[in-house]
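Colleague: Sequence first, predicted model second:
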Amino acid sequence: MNDSLKDFITNNRDAFDHRVPSEKLWRRIESSLPRTSIWNNLAIWRAAAIIFFGISGFIFLTNKPAGNQNQKRAQLQGEFSNLEKFYSEQITEKVEWISDTRDTFADDQFAQDFKKLDAMYQVLREQMKINPTEQVKDALVLNMLVRIDLLNQQIQKLEESKRANRANKETDI
């Protein structure tokens, strides 16, 4: 039976194609169809979910909580103030010892280097107040260590000079 229906439709195709349904029939068919909205489309909801998760992930990864950042800054400044106190005391003691040992150290290379390091320290210290980071803290500590090393070298030179002066006095006698 299927073959006979198929043959009939194939043989009479032209008769079927010349007839067009009326507008009244199309309106009746259209009204019986279920209404679909753009919001009922599953693909739209999937795309919206992907966009939502993408934006949420981006915000989560780029937006660090201000409380945590402020806490970290306060911790860095606290750590640095402890280190600064310790190293500053050592620097002050060594500068006083050098000042007591000789009249002045304003004109030699040591004094110039020390002044440059001190100027860099002041700039880094201001940066630490404005934007405390681990790198700035490390740079400040390194600066203080270099100044201490420079002072230790100067103290060693002065002690060697004192020993040489004593040896010269003893040989003169």
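Modeller: Perfect, thanks for sending it.

Colleague: Which parts of the protein are helices?
Modeller: Using DSSP state H, the helices of the chain run over residues 2-11, 13-17, 23-32, 42-62, 66-101, 109-130, 134-172.

Colleague: With mean neighbour count and mean pLDDT as added columns, please give those helices in a markdown table.
Modeller: C-beta: built from backbone N, CA, C; applies to glycine. Listed next are the helices of the chain as a markdown table, based on neighbours: other CB atoms under 10 Å; pLDDT from 0 to 100:
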| stretch | mean neighbour count | mean pLDDT |
| --- | --- | --- |
| helix 2-11 | 9 | 84 |
| helix 13-17 | 8 | 75 |
| helix 23-32 | 9 | 85 |
| helix 42-62 | 10 | 80 |
| helix 66-101 | 13 | 81 |
| helix 109-130 | 14 | 85 |
| helix 134-172 | 13 | 84 |
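
Colleague: Could you measure from residue 53 over to residue 60?
Modeller: 10 Å (CB to CB, to the nearest Å).

Colleague: Residue 99 too?
Modeller: 57 Å.

Colleague: same deal with residue 132?
Modeller: 25 Å.

Colleague: what's the answer for residue 135, then?
Modeller: 25 Å.

Colleague: next one: residue 19
Modeller: 62 Å.

Colleague: Check residue 28 too.
Modeller: Residue 28 is 53 Å from residue 60, by CB to CB.

Colleague: before we move on, what about residue 159?
Modeller: Taking CB to CB, one finds residue 159 at 60 Å from residue 60.

Colleague: ok, now residue 150?
Modeller: 47 Å.

Colleague: Next: residue 25.
Modeller: Residue 25 is 56 Å from residue 60, by CB to CB.

Colleague: Same question for residue 160.
Modeller: On the measure of CB to CB, residue 160 and residue 60 end up 62 Å apart.

Colleague: Next: residue 110.
Modeller: 53 Å.

Colleague: Equivalent analysis for residue 128, please.
Modeller: Residue 128 is 29 Å from residue 60, by CB to CB.

Colleague: Residue 95 too?
Modeller: 51 Å.

Colleague: next one: residue 35
Modeller: Applying CB to CB to residue 35 and residue 60 gives a distance of 39 Å.

Colleague: Next: residue 87.
Modeller: 40 Å.

Colleague: Over to residue 86?
Modeller: Going from residue 86 to residue 60 by CB to CB gives 40 Å.

Colleague: next one: residue 97
Modeller: For residue 97 relative to residue 60 (CB to CB), the value is 55 Å.
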